[in-house]
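> Turn this into a model:
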Amino acid sequence: MALGKARLAGAASVVVAIGFVGVVTLGTYAASGAPERSGELSLSSGTVPAQYRQQIQKWGSYCPEISAPMLAAQLYQESGFDPSAKSPAKAYGMAQFLEGTWATYGTDGDGDGKRDIWNAFDAIASAAAYDCALAKDVAQVPGDRQANMLAAYNAGPYAVISHGGVPPYSETRGYVKNIQSLAKSFTAPPNPGVQLALSKEAAGAIYFAQSKLGIDYMWGGTGQTWEDGRFDCSGLTQAAFRSVGIELPRVANDQWYSGPHPSRDQLRPGDLVFFANDLEDPRTIHHVGLYVGGGYMIDAPHTGAKVRYDTINQRDYIGATRVTPDGAAALPVRNKNDGTITASQKPAKS
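Below is the predicted model of the structure:
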């Protein structure tokens, strides 16, 4: 949706020796690290590029109807945090504003005296300002205030007012659910000691991955017949979760947002584990594996290797994700050419 549119190995012997049940018992969950704590709902560490974290946290409290994780979810869906994003609909910048809407809601987020649609800090501030303006428009409507605001973003304030809440449009209800589900991936747990719910699909995903041990790696491989059943890292994890009815995005740095992020001491078998070139920037995630417990994962590591067990104790480990059906379903499908979400998921013009 564009802002401004109103509808808008050594491990193998260990695992074999202790068996899957033992692996589950030894599981020592890993994840994203210490959260940022500057608002009622804080951003989970590693979920937004470090240079934008403070700004999103700040503007995420601009009005009561929004939060830093929700704002991050919108910006991620709009552009993947790319300040230079440009869509065929002539929506520009990290927040994907149309020029006409920017003229009204553009905000000087970095205090330089300018309102620049291509400036990431201005875009973050403007996204919050636009959300809060919509929230004000529907403030008298009963029900969940954030849901009503998101519905106004998608369907327009009049639709929310006339229906007395989220209108009965499948697109609008889907948008509200998706953003609120996706926001959970950006939210730091309020209490680090609270355990996340275990994945019901974990055992099936691990079973699938174990059945592929020893298969050759193939760059871009998704296990298709014409690929001789070969995988790359994210192709393997995508296929593993598809086998249990969960559709993940194709690439690792999008799979990162398919659920909440457990801390390392909470890691459980079935969690996805990720590795990045810059531990402060999730856009640099380059590898993903499926955690099986005991500090090990099943992964398809690189050209010349086979699907195998590897340790997760690597210096480029950025964290983990506990995949949920709602989290996976909320992720945008991106245009391969410009990175924006496909037209079928973008809100129509009002």
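> Run a quick neighbour tally on the residue lying closest to Thr324 once chain neighbours are set aside.
Using CB to CB, 6 or more residues apart in numbering and skipping residues adjacent in sequence, the residue nearest Thr324 is Gly259, 4.2 Å away. All C-beta spots, glycine's among them, are computed from the backbone N, C-alpha and C. Neighbourhood size, Gly259 [other CB atoms under 10 Å]: 27.
> Phi and psi next, for Gly259.
As for Gly259, its main-chain torsions (degrees, to the nearest 10) stand at phi 170, psi -180.
> ok, now the one 3 residues further on?
Here is the backbone geometry of Pro262 (degrees, to the nearest 10): phi -70, psi 150.
> Does it touch Thr324 like I think?
No. Assessed by CB atoms under 8 Å, Pro262 is found out of contact with Thr324, at 11.8 Å.
> and stretch 231-246, average pLDDT?
Averaging pLDDT along stretch 231-246 yields 96.
> Show me where the stretch 251-350 of the chain has its helices.
Per DSSP state H, counting those that start in this stretch, the stretch 251-350 of the chain carries helices over the ranges 252-255, 325-329.
> Quick one: closest of the ones you listed to Leu198.
Comparing these by their distance to Leu198 (CB to CB), the top pick is helix 325-329, with 13.5 Å.
> on contacts alone, who are the packing partners of that closest one?
Judged by 3 or more CB pairs under 8 Å, 6 or more residues apart in numbering; DSSP states H and E, the packing partners of helix 325-329 are helix 170-186.
> And the helix it packs on, what does it pack against?
helix 68-79, helix 145-155, helix 325-329.
> Throw these into a markdown table and include mean neighbour count, thanks.
Below are the helices and strands packed on helix 170-186 laid out as a markdown table (neighbours: other CB atoms under 10 Å):
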| stretch | mean neighbour count |
| --- | --- |
| helix 68-79 | 26 |
| helix 145-155 | 25 |
| helix 325-329 | 18 |
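> can you put the ones you listed in TSV and add mean pLDDT?
Shown next, in TSV, are the helices and strands packed on helix 170-186 (pLDDT from 0 to 100):
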stretch	mean pLDDT
helix 68-79	94
helix 145-155	95
helix 325-329	92
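> Would you tell me which of those gets closest to Pro282?
helix 68-79 (9.3 Å).
> how about the helices of the stretch 101-250 of the chain, start to end?
120-137, 145-155, 157-163, 170-186, 202-211, 233-242.
> now the angle from the longest one to helix 68-79?
Right, helix 120-137. Going by axes from the mean of the first three to the mean of the last three CA atoms, to 10 degrees, helix 120-137 is angled at 110 degrees with respect to helix 68-79.
> Can you list the buried residues in helix 120-137?
Neighbour counts over helix 120-137 (16 or more other CB atoms under 10 Å) mark 120-132, 134-135, 137 as buried.
> Closest to Glu171 out of these?
Leu134 (16.6 Å).
> Give me the pLDDT for that closest one.
97.
> that older thread, just send the helices of the stretch 101-250 of the chain back as CSV, with distance to Asp112 too.
Converted to CSV, the helices of the stretch 101-250 of the chain look like this (distance: least, CB to CB, whole Å):
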stretch, distance to Asp112
helix 120-137, 9
helix 145-155, 27
helix 157-163, 31
helix 170-186, 27
helix 202-211, 48
helix 233-242, 39
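> Nearest to Ala68, out of the ones you listed?
Taking the helices of the stretch 101-250 of the chain one by one with CB to CB, helix 170-186 is closest: 7.4 Å.
> now the angle from that closest one to helix 145-155?
Using the same axes, to 10 degrees, helix 170-186 lies at 130 degrees relative to helix 145-155.
> Contacts for helix 170-186 next, please.
1, 7, 43-44, 47-48, 67-70, 72-74, 76-77, 146-147, 150-151, 153-155, 159, 166-167, 256-261, 321, 324, 326-327, 329-331, 347-348 (CB atoms under 8 Å, 6 or more residues apart in numbering).
> tell me which residues in it are buried?
In helix 170-186, counting by 16+ other CB under 10 Å, buried: 171-173, 175-186.
> Closest to Asp281 out of those residues?
The closest of the buried residues of helix 170-186, once distances to Asp281 are taken by CB to CB, is Phe186, at 14.6 Å.
> Now that closest one: closest residue in space that isn't a chain neighbour?
Using CB to CB, 6+ apart, the closest residue to Phe186 is Pro69 (3.8 Å).
> Name the residues that touch the strand or helix carrying Gln54?
If you go by DSSP states H and E, Gln54 is part of helix 50-59. Helix 50-59 is contacted by residues 36, 38-39, 42-43, 48, 68, 71-72, 75, 81, 109, 120-121, 124-125, 127-128, 280-281 when judged by CB under 8 Å, 6+ apart.
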